[in-house]
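Peer 1: Sequence first, predicted model second:
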Amino acid sequence: MGRICGLALMILVLAAAAAWASSTPYEPPEGGDKWQFSTVVVKGTPIDRDAIGKAVLSCNMAETQHRIQLQASKLVPRAVYSVWLVKHDSAMKKVLKKSRADNPSRRLKADKYGKLAFAANLNACPQGKYDHVVVMLHGDGDPKNVRGAKAALKGKIP
């Protein structure tokens, strides 16, 4: 008899919890649906005129989540690259600030077909702070050697 009463009480509690849960609609966290997306077409520079790609910048200011995703093709096969966010002066002659989006301790390398895919979280939303996404070619294969790197692709952030 005690087991039946305990079982009945447990069923009653579960039914009440289910009824309460179904009456409360799901609400995403505040800002959870406030993403801003910008697509940046990155085009080859004189270093590699045929190269082409696309970067997507995703920013959620309410939750401070920011991300970059980049895909590129027609690059130098098996070459090492790095991805940068850059701000120029109004004449586009001088770099005012730059921030590396990839991790220099890991090699960002094109495959044997010259294709590259990259994704990373960012510390801040680049929109308004930077004006270009730049993909640098490290001809010596060392991603830490920034002085010898040359801009292979470049695109304006809208």
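Peer 2: On my side now, so go ahead.

Peer 1: In this structure residue 127 contacts residue 59, no?
Peer 2: Yes - counting by CB atoms under 8 Å, residue 59 is a contact partner of residue 127 at 6.2 Å. (Each C-beta comes from the backbone N, C-alpha and C, glycine too.)

Peer 1: what touches both of those two?
Peer 2: Shared contacts of residue 127 and residue 59 (CB atoms under 8 Å, 6 or more residues apart in numbering): 36, 38.

Peer 1: Which of those two has more residues huddled nearby?
Peer 2: For residue 127 and residue 59, the more surrounded residue by other CB atoms under 10 Å is residue 59, and the numbers stand at 22 against 16.

Peer 1: Show me the shaky parts of this structure.
Peer 2: Within the chain, the segments meeting pLDDT under 70 span 1-10, 12-33.

Peer 1: Recalculate using a threshold of 80.
Peer 2: For the chain, applying pLDDT under 80 flags the ranges 1-34, 61-64, 90-93, 104-107.

Peer 1: Identify the residues contacting the residue positioned nearest the centre of it.
Peer 2: In the chain, the centroid-proximal residue (CA atoms, centre = their mean) is residue 68; its distance is 1.8 Å. Residue 68 makes contact with 55-58, 83, 85, 101, 118-120, 122, 126, 133 under the criterion CB under 8 Å, 6+ apart.

Peer 1: In strands, which of the residues you listed fall?
Peer 2: If you go by DSSP state E, these have 55, 56, 57, 58, 83, 85, 118, 119, 120, 122, 133 in strands.
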